[in-house]
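In: Give me the fold of what follows.
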Amino acid sequence: MANKSNKPVKGQAKTPKKPGAAPAAAEQKKPGVETGKVDDAPTKEQVAAAVATKPEVLLQRPAGSGALSADGKVRLLDLAHRVFVEETRPHLAFPQETQTSVNRIVAVGILCSIADHIVDGDDTFAQVMSEQGYPALAKAAEDLGFKIPERKALPVNAEGQLVLNSNEVKIPAETKKQIKKEHEMRKEKPELDPEKITSEEDLKKALEYMFVSGEKSLPKLLTSGIEFMKKFRMHEASLAENATEAKAKFEARNSGDWLDDIFSYFRPPVFFTGIGRGMASVTEVEKSPIHAFIIFRDAIRDKETHEPVLNDQESAYCVKCIVKWFCNTNIASNQKSIDELDKKTNAEIIAKCKEAIEKYNKILDYITNPGAEEVEALPDNIGSHFDANGTALTTECQCANRIFNNICKSYYGKQLSDADYKNLVTNIQQRAGVIVNLFRSAGSQLVNYKESNITELEERTEEEKVAIRKAAKKAWEERKSAEEKNA
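Out: Predicted coordinates for the structure are as follows:
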């Protein structure tokens, strides 16, 4: 369901559907589920050396058909050109900062396509991008665990664009193995009619194929996956002795419940590992799901209307479930290593695994039960506590200003200043609270933050704008002067 508008509302707005309590991540191991290394667990080489009697690692099958055809390469380069060259030009409705955020998830997809070719291809090719496009690609490489040259090491072509050769993209060995496995999955098309699937193993194969095939855009993939799982479960329920009761259990589910069900069957493919790591990272830093939510929301905008193709509640379900999927896979991976290793001779590796588990559990808490502290402190932390050079003095202030800027760009389409609008900070705080509520259960909503509290922006008079800016400049000059005297 498309989100109607991201413009400020006037008066009473339609309140989004409140989320139901998201189910706990599935802990029961489904048939065939793998819990191999994904992120912070010790390397497979370390574990294999320590557990010589248990050499099970990710399967390394013969190379699949991941190399791009000539037509496929043209399509990839055309998409990358539009993302990293054309879409960074200033004629679009959204500013460069928003486009960079939008491109982070798209860039993960493009790097995954490049990686597909690198793993099985025989030749190299060059990707060009603008200066503005490089940060998004660098972030995507970080999210995927890839290495690409630093900006200053890249050559520049005659048009002033950066040039990245495919052979300069370094892919970890574990990821290469996973990519090869995904290539094999694409070649073995399973039964995709949910009413004809008769076993859990066949269901797992169907879901894996859907999520590695690359045939749909991210939002379409998630929504079609939900519809597939609904049909399978409802058909399964119709065969139960008490069909009415069995169906009722599934009818009460929300989109988050369905995604949790899907993701319990297999580990994240490389593409979703990259997305999950990126969103988990910003959630860990900010102790809040707001930034991850904005990244996802901006990544699923319609190219023509610039509106997100999912409403905010559906987007929140997707963000929450992808981050949970990523974190729970890593927790299982690290726990598996702990269980297999000899406690006496591998104390250092085990300690590292425990630290990783603790980190991912904290992220899970931030994404499934976010607190109100950051939202309530937002007005005090925005635009204050800066040094004479304009650098925020505390992590809280840095996070508050990122939240303010991200919400401004995503919901108003540009960077705004509270010097220009009387109620901008109030609106941003309310929007931050509304976003946090999207991730909380129906019974734990922050009652002071509602869509209906977000009002049309009230512009200040020119005299007020000038006075506020003069006062801010004077305060900054006084701080700078005081610091210089004390230096």
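In: any idea which helix or strand carries residue 256?
Out: helix 255-263 (DSSP states H and E).
In: Quick check: next helix or strand after that helix?
Out: Following helix 255-263 in sequence order, the next helix or strand is helix 270-286 (DSSP H and E).
In: when you compare where that next one runs with where helix 255-263 runs, what's the angle?
Out: Orientation check (axes from the mean of the first three to the mean of the last three CA atoms, to 10 degrees): helix 270-286 against helix 255-263 gives 130 degrees.
In: what does the average pLDDT come to for the helix or strand following helix 270-286?
Out: Beyond helix 270-286 in the direction of the C-terminus, DSSP H and E gives the next helix or strand as helix 290-299. Helix 290-299 shows a mean pLDDT of 91.
In: helices and strands around the helix holding residue 256, which ones?
Out: Judged by 3 or more CB pairs under 8 Å, 6 or more residues apart in numbering; DSSP states H and E, the packing partners of helix 255-263 are helix 218-238, helix 312-340. Where C-beta positions appear, they are placed from N, C-alpha and C, glycine not excepted.
In: how about 10 Å then?
Out: Secondary-structure packing of helix 255-263 (3 or more CB pairs under 10 Å, 6 or more residues apart in numbering; DSSP states H and E): helix 200-212, helix 218-238, helix 243-251, helix 312-340.
In: Out of these, the one nearest residue 432 is which?
Out: Comparison of the helices and strands packed on helix 255-263 against residue 432 by CB to CB identifies helix 312-340 as nearest, at 12.5 Å.
In: just checking, what packs against the closest one?
Out: When contacts are defined as 3+ CB pairs under 10 Å, 6+ apart, helix 312-340 packs onto helix 44-50, helix 218-238, helix 255-263, helix 270-286, helix 290-299, helix 347-368, helix 424-439.
In: still on that earlier bit, could you give the angle of the helix holding residue 256 to helix 424-439?
Out: 50 degrees.
In: Tabulate the CA atom coordinates of helix 255-263 in PDB.
Out: The C-alpha trace of helix 255-263 is given here as PDB (Å, rounded to 0.1, in the frame of the first residue of the first chain):
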ATOM      1  CA  SER A 255       3.600  -8.300   8.000                       C
ATOM      2  CA  GLY A 256       6.300  -8.500  10.600                       C
ATOM      3  CA  ASP A 257       5.100 -11.900  11.800                       C
ATOM      4  CA  TRP A 258       5.100 -13.200   8.300                       C
ATOM      5  CA  LEU A 259       8.600 -11.900   7.600                       C
ATOM      6  CA  ASP A 260       9.900 -13.500  10.800                       C
ATOM      7  CA  ASP A 261       8.400 -16.800   9.700                       C
ATOM      8  CA  ILE A 262      10.100 -16.500   6.300                       C
ATOM      9  CA  PHE A 263      13.400 -15.600   7.700                       C
END
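In: buried ones in that helix?
Out: Across helix 255-263, burial judged by 16 or more other CB atoms under 10 Å covers 255-263.
In: Quick one: mean pLDDT for it?
Out: 96.
In: swap in stretch 199-211?
Out: The average of the pLDDT scores along stretch 199-211 is 95.
In: can you offset everything so residue one is 25?
Out: Sure, I'll start numbering at 25, so the last one becomes stretch 223-235.
In: Alpha carbons only: can I get that stretch in PDB?
Out: What follows is stretch 223-235, C-alpha atoms only, in PDB (Å, rounded to 0.1, in the frame of the first residue of the first chain):
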ATOM      1  CA  SER A 223       7.500 -30.500   3.000                       C
ATOM      2  CA  GLU A 224       9.400 -28.000   5.100                       C
ATOM      3  CA  GLU A 225      12.500 -28.700   3.100                       C
ATOM      4  CA  ASP A 226      10.700 -27.800  -0.200                       C
ATOM      5  CA  LEU A 227       9.400 -24.700   1.500                       C
ATOM      6  CA  LYS A 228      13.000 -23.700   2.500                       C
ATOM      7  CA  LYS A 229      14.200 -24.200  -1.100                       C
ATOM      8  CA  ALA A 230      11.400 -22.100  -2.500                       C
ATOM      9  CA  LEU A 231      12.000 -19.300  -0.100                       C
ATOM     10  CA  GLU A 232      15.800 -19.300  -0.700                       C
ATOM     11  CA  TYR A 233      15.300 -19.300  -4.400                       C
ATOM     12  CA  MET A 234      12.900 -16.300  -4.200                       C
ATOM     13  CA  PHE A 235      15.400 -14.300  -2.100                       C
END
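In: Other residues contacting that stretch?
Out: Contact partners of stretch 223-235, identified using CB atoms under 10 Å, 6 or more residues apart in numbering, comprise 54-57, 205-206, 209-218, 220-221, 239-240, 245-246, 248-249, 252-253, 256-257, 260, 285-293, 295-296.
In: And for residue 483, nearest residue in space, chain neighbours not counted?
Out: Once flanking residues are discounted, residue 483 sits nearest to residue 445: 5.8 Å by CB to CB, 6 or more residues apart in numbering.
In: next one: stretch 348-365 to chain centre, how far?
Out: 20 Å (CA atoms, centre = their mean, to the nearest Å).
In: In it, which residues are buried?
Out: Across stretch 348-365, burial judged by 16+ other CB under 10 Å covers 348-362, 365.
In: Going by distance to residue 197, which of those residues wins?
Out: Closest to residue 197 out of the buried residues of stretch 348-365 is residue 357 (16.0 Å), distances taken as CB to CB.
In: Contacts only, for residue 222.
Out: The neighbours of residue 222, taking CB under 10 Å, 6+ apart as the test, are 215, 260.
In: and residue 223, how many neighbours?
Out: Using other CB atoms under 10 Å, residue 223 is surrounded by 9 other residues.
In: measure residue 271 to residue 264 for me?
Out: Distance, residue 271 to residue 264, by CB to CB, to the nearest Å: 8 Å.
In: more neighbours, those two?
Out: Set side by side, residue 271 and residue 264 show more neighbours around residue 271, with 17 against 12, by other CB under 10 Å.
In: The more buried one - nearest residue in space that isn't next to it in sequence?
Out: Nearest residue to residue 271, sequence neighbours excluded (CB to CB, 6+ apart): residue 261, at 4.5 Å.
In: The one you found contacts residue 270, correct?
Out: Yes: using CB atoms under 10 Å, residue 261 makes contact with residue 270 at a distance of 3.6 Å.
In: So the closest residue in space to residue 341 that isn't next to it in sequence versus residue 353, what's the distance?
Out: Excluding its sequence neighbours, the residue lying closest to residue 341 (CB to CB, 6+ apart) is residue 280, at 3.8 Å. As defined by CB to CB, residue 280 lies at a distance of 17 Å from residue 353.
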